[in-house]
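S.K.: Sequence plus the predicted model coming up.
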Amino acid sequence: MSMAGSRADWVDCTRTLAMFFIIWLHADAAPSWVGKVVGGGIALFFLLAGYFLPRSAGQVLRRTGRLALAWGLWSLLSLLFLLVFKPYTDICWQRAVGWGVAAYNTPLWFLKTLVAYQLVAALLLALRLLPRYAWVLVVFLALCSYTTSPSQHLSVRFDYLWIFMLGFSARVAPLEAVQRYLWKNWWVLLLVVVGVFLQPEGLEEWADWADLSWRHCNLPLWNLSFMTLFLLVGVALAGLLPRVAGGLASCGRWMLFIYAGHSYLLSPLYQWKDLRWGWNVWVPLLVLPLLVLLARLLSRYVPRTMALLQGQRMQISERRTQRAE
């Protein structure tokens, strides 16, 4: 079957699917297995961020500056939001802006961590250490993620850095080639993913022998497997159900806005959480389309503000021309 492939058909589609599970988890009503899926979704975001990074250190620094500005703006909004809802929540300001040593400071730790990763990439590009040694670095960082837990000691989570560098190293393969590979070899990749899901006993025995934490050995494999599963589902939807993929992809274009802003909708909804009726289903299904609608309105009426919140370069004249057409 021919593929209806483009970035909008499958890459942004995978982003939307991953974001749904993240909203579901943050609604604090999801089944326990959703937490493992979310790890793959976060890994997917870092992989794509590395893959679509510019090729020069200067361009990377400019993009990083825009992203840092977006993190600052979202942090300011979070602090203002926290002041309003402080009587109803016990969230500290460090968690609100994604600053601290906790494993997950929802949700702005991701932006802060991505800024740090892009600075590392800019330094390596400036020193001309990529792409010659990229795969060596990926393997080294992957091994580190198996044996350590940097998030417990540092304010930035460096245990996803190898995923980010994996995407950065994979840029030598055009996006169309990646899509074709996933489409033609889906059954092999699916067997590998299933194999990872069925191997915890063997991996646990190896971890005991090596005197390592089983969690730190198992977590990178699970994240990589669920990330691969997201990509396979995105490619399958683009090839088999292009209209569905296109609809999901329209949400994926606002992924940074949705990721950074979904807590603002979830927090007021928590007052109905005790009712429990349908909370598992209607909350993630409601929050995602509402944020997409809000993103479109902001992009139409305050495009410069929306560009800042998205960490994007904004050409006002181009947007005005597009709206006029």
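M.R.: Okay, I see it. Residues are numbered from 1 along each chain as shown.

S.K.: for Gly98, helix, strand, or coil?
M.R.: Going by DSSP: H, G, I helix; E, B strand; the rest coil, the secondary structure assigned to Gly98 is coil.

S.K.: Please name the residues that touch it.
M.R.: Gly98 makes contacts with Trp71, Ser75, Asn105, Thr106, Pro107, Leu108, Trp109, Phe110, Leu111, Lys112, as judged by CB atoms under 8 Å, 6 or more residues apart in numbering. (C-beta placed from N, C-alpha, C; glycine too.)

S.K.: Next, count neighbours for the closest residue in space to it that isn't next to it in sequence.
M.R.: Of all residues beyond its chain neighbours, the one nearest Gly98 is Leu108 (3.1 Å), with distances taken as CB to CB, 6 or more residues apart in numbering. Using other CB atoms under 10 Å, Leu108 is surrounded by 23 other residues.

S.K.: what does Val37 give?
M.R.: When neighbours are defined as other CB under 10 Å, Val37 has 23 of them.

S.K.: So it versus Ser169, what's the distance?
M.R.: With distances taken as CB to CB, to the nearest Å, Val37 is found 25 Å from Ser169.

S.K.: do the same with Asn223
M.R.: Using CB to CB, Asn223 is found at 17 Å from Ser169.

S.K.: for Val235, same thing?
M.R.: Between Val235 and Ser169 the distance is 20 Å, computed by CB to CB.

S.K.: Look at those two and report which has more neighbours.
M.R.: Shown here are Val235 and Ser169; by other CB under 10 Å, Val235 has more neighbours (26 against 20).

S.K.: Count the neighbours of Leu229 for me.
M.R.: Residues near Leu229, counting by other CB under 10 Å, number 20.

S.K.: ok, now which ones touch it?
M.R.: By CB under 8 Å, 6+ apart, the contact set of Leu229 is Gly40, Leu190, Val193.

S.K.: How about the first one, nearest residue that isn't a chain neighbour?
M.R.: I take that to be Gly40. Excluding the flanking residues, the one nearest Gly40 by CB to CB, 6+ apart is Phe226, at 2.3 Å.

S.K.: What helix or strand is the one you found located in?
M.R.: Assigned by DSSP states H and E, Phe226 belongs to helix 214-240.

S.K.: buried set for that helix?
M.R.: For helix 214-240, the neighbour count (16 or more other CB atoms under 10 Å) marks 216-239 as buried.

S.K.: Thanks a lot, catch you later.
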